[in-house]
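# build me a structure from this.
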Amino acid sequence: MTTATKALLMLDYQVALCEEGPHLRMPPLAAQIAERGVLATAERVLAAARAAGTLVVHVRLAFDPSYRLRTNRLPRFGPYEEQRAMLAGSPEARIVEALAPIDGEPVVDKGCVDPFVGTPLRDVLAAEGVTEVVLGGVATNLVVESAARHASDSGLQVTVVEDMCASFRPEFHAFSVTNMLPLFGSVTGSAELAF
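Prediction:
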């Protein structure tokens, strides 16, 4: 097996967060994703990564039926358990169809904002020889920022693809990509990205 030095991390592109319909949990986020054309951009980047043979790892918020494996115990995460929401096998936790994993692409389930906490993600990347992660996801100021911080602190090079990201409000996204994310890696557009 060959090892990769770069991996594309697809962060929280889930039905409940991204798509209008009966499973939508966060309408303001879905509205920004649609307005910015995030899913179409993510689909193009994903296709380019696959064509280049780049390791693709999908990450999603998905809980076990007991909700005890969730690492975030803050009150704002309480409604997930109360409403039996975002269960691993549920339609709302599913990755959107256009970005669905293909054979050979791992899916990492997390129980908090940070995709590295309580998951095997860092170990998987190390086993594959990954030294750089390319990040795209929603919301910019939550999972993307958390991933960038953790990855850079773990010794990985970080590239954030700005137009693969969105947040609940345009100013949240703008503040993150202008002020926070550059502290942890480089921020680029999909047109400038190469695998």
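
# OK, contacts around residue 37?
By C-beta atoms under 8 Å, 6 or more residues apart in numbering, residue 37 lies in contact with residue 163. (Each C-beta comes from the backbone N, C-alpha and C, glycine too.)

# let's go with 10 Å and repeat that
Going by C-beta atoms under 10 Å, 6 or more residues apart in numbering, residue 37 touches 163, 166.

# can you pull the pLDDT of it?
Listed pLDDT for residue 37 reads 98.

# ramachandran angles for it?
Phi and psi for residue 37, reported as degrees, to the nearest 10, are phi 70, psi 30.

# any idea how far it lies from residue 164?
As judged by C-beta to C-beta, to the nearest Å, residue 37 and residue 164 stand 10 Å apart.

# give me the buried stretch members for the least confident helix or strand in the chain by mean pLDDT, please.
The weakest-scoring helix or strand in the chain, judged by mean pLDDT, DSSP states H and E, is helix 78-82 (a mean of 86). Using 16 or more other C-beta atoms under 10 Å as the test for burial, helix 78-82 gives residue 80.

# now do the helices in the protein.
Secondary structure of the chain (DSSP state H): helices at 15-18, 27-36, 38-52, 78-82, 121-127, 145-153, 170-175.

# and the fifth one, average pLDDT?
Looking at helix 121-127 alone, the average pLDDT works out to 96.

# contact partners for the residue nearest to residue 48 when sequence neighbours are not counted?
In space, and not counting its chain neighbours, residue 48 is closest to residue 195: 5.7 Å by C-beta to C-beta, 6 or more residues apart in numbering. The contact partners of residue 195, by C-beta under 10 Å, 6+ apart, come to 4, 6, 8, 45, 48-54, 134.

# just the buried residues of the residues you listed.
Buried, going by 16+ other C-beta under 10 Å: 4, 6, 8, 45, 49, 54, 134, out of these.

# show me those that map onto strands.
Using DSSP state E to define strands, the subset of the buried ones among the contacts of residue 195 located there is 6, 8, 134.

# low-confidence ranges, the protein, go.
1-4 (pLDDT under 70).
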